[in-house]
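In: build me a structure from this.
(chains A and B)
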2 protein chains.
Amino acid sequence: MKIGFIGLGIMGAPMVGHLINAGHDLFVHSRSGLPSSLATQPLTVCDSARQVALQAEVIILMLPDTPDVGEVLFGAGGVAEAELSGKTIVDMSSISPLETKQYASRIEKLGGYYLDAPVSGGEVGAKAGTLSIMVGGPLAVFEQLLPVLQLMGKNITRVGENGDGQTAKVANQMIVALTIEAVGEALLFAARAGADPAKVRQALLGGFASSKILEVHGERMVKRAFDPGFRISLHQKDLNLALSSAQKMALALPATALAQQLFNSCVAQGGAAWDHSAMVRALEQLSDFAIPAQ
Amino acid sequence: MKIGFIGLGIMGAPMVGHLINAGHDLFVHSRSGLPSSLATQPLTVCDSARQVALQAEVIILMLPDTPDVGEVLFGAGGVAEAELSGKTIVDMSSISPLETKQYASRIEKLGGYYLDAPVSGGEVGAKAGTLSIMVGGPLAVFEQLLPVLQLMGKNITRVGENGDGQTAKVANQMIVALTIEAVGEALLFAARAGADPAKVRQALLGGFASSKILEVHGERMVKRAFDPGFRISLHQKDLNLALSSAQKMALALPATALAQQLFNSCVAQGGAAWDHSAMVRALEQLSDFAIPAQ
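Out: Numbers count the residues shown, from 1 in each chain, chains lettered A, B, ... in the order given. Purely as a prediction, here's the structure:
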């Protein structure tokens, strides 16, 4: 199949590799040029998103944020300048659910199909082809594209109609941030009360307090291992999607708002590139007391 | 062994049953009299906590809150009026970690031993003998009492010294409350954005957002199944332990404080006896929008 791919960053580049390995013809475009990892691969480099859309049947986007997707789709030299009848746009970026519904509607009016298909699993998942993919869009389009998605991910769920994939991704990132906050407050409390937070974490695993976050991020807090992982600056972008969407929908999200403020405190401490488990450092800063290094 | 048991509520009564079934001699006291479930059991009813402590080698407490434990131990007709040399107090109530350290110290000065051993698992776990027990106290005393604790629980961890068992229990309840808040905000966001929260929950299970709470309490939110379970009024008591201990230690717990406020909102709606997953109703009240019943 002729597949277009726009956005060749740390996520996009290895995903393109999987598609080429499966025998597809790739037409790629990146504002920052071809990454060295793809330099010797058999693919066609295009000057613009429009050139990609002219040649490919399926056009995948993997871009940083909502305005980037809008620009690539509808800006000068964008995808929408090509004839889109029967072609499918698959936006695998993590962007606004509300804007996504509008983008999908505009693409459909131009004769194209649209799936939002954001991922979780990060660079490791992109390289291993084991991303979780949360999909929104028409069932028939999802089923047609599933074999392509399966080249890049393992746990692939159609959540619902257009926008619902992005909504699930935002919900995922909210729960992750707020559970980090939960584990952070609890382990800090335990340490401040004189208990060994490593033993408290151990005692709580298996009960109702147990979670992936207590397991993985709780251990990072106890071991003071804050190299990313997943950077605070990226998680802040995801919480912005939650909070700006919530504002547009008049929805109050007090704990999500608080988590974003704690991330702000981490950035104030120079921690934009810390792993998100370092949210505990904002809590520690508040009380001038830190979990002791083990 | 001669075992005393003080506090015969919905938790204490079935725990006493397990001890009798194992062949121990029970000496019990309850301010509200003997419950009907124990009426035909072979046990000795005592008029006071002092009478229990005079006759038993091990004295187990299962009481509502910190002042109750203080009164039973050190009030008129209390445990401390008996000769305590070589006897062990096992406080299985969920009470303040800071007061617990003082109680333990006073009991030791009187020649006794002390374990704090709060439980999780609720009435169901008490009846089945499958409680999780988090223990604080000297290792030798823990090892001596372990066979008795194993009659009432399955997952039994010595967290550290006196108070550390209570600290672990408080940390557990903080994480549970704050993860309920996380799941509540995320599923409410999903529903408000037009997605099916049941499908979003399903898509998120297995990834980094997964937890016991997303599994069990997330399903309750989607199915609007708010019969307890674990009552909001009981969880408020646990968060009070966290917040009052934190104030004494000058520790800031912003998310725990917020969770308590949301529980307050549930109580304002008449929900003191709702299951704690109904915290989502406080979030729904804030935005005048509820997850639709499925």
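
In: wait, what's in contact with the most centrally placed residue in chain A?
Out: Residue closest to the mean C-alpha point of chain A, counted by CA atoms, centre = their mean, is A:Ser94 at 4.7 Å. By CB atoms under 8 Å, 6 or more residues apart in numbering or on different chains, A:Ser94 lies in contact with A:Pro118, A:Val119, A:Gln166, A:Lys169, A:Val170, A:Gln173, A:Lys237, A:Asp238, A:Leu241. For the C-beta atoms, the positions are set from N, CA and C on the backbone; glycine is no exception.

In: separation between it and chain B?
Out: Per CB to the nearest CB, to the nearest Å, A:Ser94 is found 14 Å from chain B.

In: looking at this, that residue is in a helix?
Out: No - assessed with DSSP: H, G, I helix; E, B strand; the rest coil, A:Ser94 is coil; it does not lie in a helix.

In: among the contacts of A:Ser94, which are located in strands?
Out: Residues of the contacts of A:Ser94 located in strands (DSSP state E): A:Val119.

In: any chance of CSV for the contacts of A:Ser94, columns pLDDT and distance to chain B?
Out: Below are these laid out as CSV (pLDDT from 0 to 100; distance: CB to the nearest CB, whole Å):
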residue, pLDDT, distance to chain B
A:Pro118, 98, 11
A:Val119, 96, 10
A:Gln166, 98, 9
A:Lys169, 98, 9
A:Val170, 98, 7
A:Gln173, 98, 8
A:Lys237, 97, 16
A:Asp238, 97, 12
A:Leu241, 97, 10
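
In: need the contacts of A:Ser94 in JSON lines with neighbour count, can you?
Out: Below are the contacts of A:Ser94 laid out as JSON lines (neighbours: other CB atoms under 10 Å in any protein chain shown):
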{"residue": "A:Pro118", "neighbour count": "27"}
{"residue": "A:Val119", "neighbour count": "24"}
{"residue": "A:Gln166", "neighbour count": "31"}
{"residue": "A:Lys169", "neighbour count": "29"}
{"residue": "A:Val170", "neighbour count": "31"}
{"residue": "A:Gln173", "neighbour count": "26"}
{"residue": "A:Lys237", "neighbour count": "16"}
{"residue": "A:Asp238", "neighbour count": "21"}
{"residue": "A:Leu241", "neighbour count": "23"}
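
In: adding distance to A:Met279, write the contacts of A:Ser94 out as JSON lines.
Out: Below are those laid out as JSON lines (distance: CB to CB, whole Å):
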{"residue": "A:Pro118", "distance to A:Met279": "22"}
{"residue": "A:Val119", "distance to A:Met279": "22"}
{"residue": "A:Gln166", "distance to A:Met279": "23"}
{"residue": "A:Lys169", "distance to A:Met279": "19"}
{"residue": "A:Val170", "distance to A:Met279": "18"}
{"residue": "A:Gln173", "distance to A:Met279": "13"}
{"residue": "A:Lys237", "distance to A:Met279": "15"}
{"residue": "A:Asp238", "distance to A:Met279": "13"}
{"residue": "A:Leu241", "distance to A:Met279": "18"}
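
In: which of the contacts of A:Ser94 sits closest to B:Met249?
Out: Within the contacts of A:Ser94, the smallest distance to B:Met249 is 31.5 Å, found for A:Gln173 (CB to CB).

In: I figured that closest one was touching A:Ala242, is that so?
Out: Yes - taking CB atoms under 8 Å as the definition, A:Gln173 is a contact partner of A:Ala242 at 7.1 Å.

In: related to what we said a few turns ago, narrow the contacts of A:Ser94 to those in helices?
Out: A:Gln166, A:Lys169, A:Val170, A:Gln173, A:Lys237, A:Asp238, A:Leu241 (DSSP state H).

In: which residue is the nearest non-sequential neighbour of the fourth one?
Out: Read it as A:Gln173. Leaving aside its sequence neighbours, A:Gln173 sits nearest to A:Asp238 (CB to CB, 6 or more residues apart in numbering or on different chains; 3.8 Å).

In: show me what contacts the one you found?
Out: Applying CB under 8 Å, 6+ apart, the residues near A:Asp238 are A:Ser94, A:Lys169, A:Val170, A:Gln173, A:Met174, A:Ala177.

In: now the second one. Nearest residue, chain neighbours left out?
Out: Put plainly, it is A:Lys169. For A:Lys169, the spatially nearest residue (CB to CB, 6+ apart) is A:Pro118, at 3.9 Å.

In: run through the bridge partners of A:Thr88.
Out: Counting by DSSP bridges, A:Thr88 is bridged to A:Val58, A:Tyr113.

In: distance of A:Ile200 from chain B?
Out: Rather than Ile, residue A:200 is Val. 5 Å.

In: that residue against A:Arg192, yeah?
Out: No - applying CB under 8 Å as the test, A:Val200 and A:Arg192 come out as separate, 11.5 Å apart.

In: pull the distance from stretch A:40-57 to the chain's centre.
Out: Here stretch A:40-57 is found 24 Å from its chain centre; the criterion is CA atoms, centre = their mean, to the nearest Å.

In: check stretch A:258-273 too.
Out: 19 Å.

In: give me every residue that touches A:Asp25.
Out: Here A:Asp25 is in contact with A:Met1, A:Lys2, A:Ile3, A:Leu43, A:Thr44 (CB under 8 Å, 6+ apart).

In: which of these are buried?
Out: A:Ile3, A:Leu43 (16 or more other CB atoms under 10 Å in any protein chain shown).

In: redo the contacts of A:Asp25 as a markdown table? Include distance to A:Ile291.
Out: Below are the contacts of A:Asp25 laid out as a markdown table (distance: CB to CB, whole Å):
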| residue | distance to A:Ile291 |
| --- | --- |
| A:Met1 | 51 |
| A:Lys2 | 53 |
| A:Ile3 | 47 |
| A:Leu43 | 48 |
| A:Thr44 | 52 |
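
In: return the closest of the contacts of A:Asp25 with respect to B:Thr256.
Out: A:Ile3 (48.7 Å).

In: can you classify the closest one by secondary structure?
Out: A:Ile3 - assigned by three-state DSSP - is strand.

In: so who does A:Val183 touch?
Out: A:Ser211, A:Ile213, A:Leu214, A:His217, A:Gly218, A:Met221, A:Val280, B:Ile175.

In: roughly how far does it sit from B:Val280?
Out: Separation of A:Val183 from B:Val280 (CB to CB, to the nearest Å): 20 Å.

In: what does A:Thr44 give?
Out: Taken as CB to CB, the span from A:Thr44 to B:Val280 is 50 Å.

In: now swap in A:Val222 and tell me
Out: Distance check for A:Val222 against B:Val280: by CB to CB, it reads 30 Å.

In: same drill for the two, tell me which one is more crowded.
Out: B:Val280 (29 against 23; other CB atoms under 10 Å in any protein chain shown).

In: the helices in the stretch 51-200 of chain A, which residues?
Out: A:66-74, A:97-109, A:122-128, A:139-149, A:164-192, A:197-204 (DSSP state H, counting those that start in this stretch).

In: in JSON lines, list these along with distance to B:Ala82.
Out: Output for the helices of the stretch 51-200 of chain A, formatted as JSON lines (distance: least, CB to CB, whole Å):
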{"stretch": "helix A:66-74", "distance to B:Ala82": "70"}
{"stretch": "helix A:97-109", "distance to B:Ala82": "65"}
{"stretch": "helix A:122-128", "distance to B:Ala82": "61"}
{"stretch": "helix A:139-149", "distance to B:Ala82": "71"}
{"stretch": "helix A:164-192", "distance to B:Ala82": "33"}
{"stretch": "helix A:197-204", "distance to B:Ala82": "32"}
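
In: go through those and find the least confident stretch.
Out: Least confident of those, judged by mean pLDDT, is helix A:122-128 with a mean of 93.

In: for chain B, what are the nearby residues on the stretch 51-200 of chain A?
Out: Within the stretch 51-200 of chain A, the positions near chain B by CB under 8 Å from any CB of the partner chain are A:97-98, A:120, A:132, A:134, A:136, A:155, A:157, A:159-161, A:163-164, A:167-168, A:170-172, A:174-179, A:181-183, A:185-190, A:192-196, A:199-200.

In: now the two most distant members of the contacts of A:Val183.
Out: A:Ser211 and A:Val280 (15.1 Å).
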